[in-house]
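Engineer: one predicted model, sequence on top.
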Amino acid sequence: MILTCTSCGTRYSVDGSKFPAAGRTVRCAKCGHSWHQAGEAPEPVAEAVTETIAETSAPSRAEPVAAVRSESPEFYEPSPARGFTPLAASQEPRAPLGPKIAVVAGWVGLIAVVLLIAAAAVRYRQDIATIWPQSAAVYSTLGLRVNAGGIDFRQVDYRRENQDGQVVLAVSGQIFNGGSRELPVPQTVRVTLSDVNNHELYHWTFKPDAQVLTPGQSVPFVTRLASPPAAARHLEVRFAKDGS
C-alpha cells in the first residue's frame, strides 16, 4: 500500500493489513504532518461452504479462545517507500540578497565619500589652512607644505654681484597669494643669513611693492646686501611681525 503525505508529498510503502476499513491516523516521518488514512477496500470473500458435522458427543469443557491483541497506536509513522522521492522536494529557504547588497553598497559609498574628502583636503589645503590655521600643523606632519596666512614666497633665489669692486648679495623671488580670496600683504619681509650650523650671522628687512594680492596674483621682489658675511651658508626669507 502506498501512502502520500498531503503536506510535503513524501511517499511511503506500508503494509495494508495495518489499516482497518475505517482507516487510522498517520503521521509523516519527514515533516510531522498528520492526516486520516482510509484502509484498502476488502477483497470479495468466496461463499462459505457449510458442512454438517454430526455431533458424536458433547464437549467435556469449553475450548479456550485465543485473545487477539489489537495494535492501535495513536499515530502510525510509516517509513519512506524505497525508490520513491517526495513529489515536491523541500529546500531550505535562502536568505534574501537585498539586505546584503544594501550593506555592500553602503560600505562602498562610505569609502568613496572618505576618499573624496581626503582628495579635497589635499587639493584645497591652502584654502583650508587660511580659514583654519591650526590645520597647517597637520599638513606639515603629513609632509604637505601650506601657508596658513595664504601669502607665501616662491622661486626664491640669490646671486653674488660685483659692484664697484664690492661684493653684493642679491636676493630675488615672488610674493604669491595661494588662497581663494583677496588677501593683504604683510609689509615687512625679513632676510636672514646663517652659518653652516644655522647660527644667525646677519639679517635685514625690506617692504614689498604690493599691499593687496588677489587669488593667484604674485608680485616680484629684489633686495640687496653689500659685503655679506663670508661664512654665510644659509638664507631664509619670511614675513616679520612687528618689524622683527
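Structural biologist: Yep, that arrived.
Engineer: for A22, see how far away the closest residue to S180 other than its chain neighbours is.
Structural biologist: Counting by C-beta to C-beta, 6 or more residues apart in numbering, S180 lies nearest to D127, which is 4.7 Å off, once chain neighbours are set aside. (C-beta placed from N, C-alpha, C; glycine too.) Using C-beta to C-beta, to the nearest Å, D127 is found at 93 Å from A22.
Engineer: centre of the chain to whatever helix or strand R190 lives in, how far?
Structural biologist: If you go by DSSP states H and E, R190 is part of strand 189-194. Relative to its parent chain, strand 189-194 has a centroid offset of 52 Å by C-alpha atoms, centre = their mean, to the nearest Å.
Engineer: buried residues in the next helix-or-strand element following that strand?
Structural biologist: As assigned by DSSP H and E, the chain's next helix or strand after strand 189-194 is strand 200-206. For strand 200-206, a neighbour-count test (16 or more other C-beta atoms under 10 Å) marks F206 as buried.
Engineer: between strand 200-206 and strand 189-194, how many degrees?
Structural biologist: Angle between the axes of strand 200-206 and strand 189-194 is 160 degrees (criterion: axes from the mean of the first three to the mean of the last three C-alpha atoms, to 10 degrees).
Engineer: I'd like to know which elements the next helix or strand after strand 200-206 is packed against.
Structural biologist: Beyond strand 200-206 on the C-terminal side, the first helix or strand identified by DSSP H and E is strand 212-213. Other helices and strands packing on strand 212-213, by 3 or more C-beta pairs under 8 Å, 6 or more residues apart in numbering; DSSP states H and E, are strand 166-177, strand 183-184.
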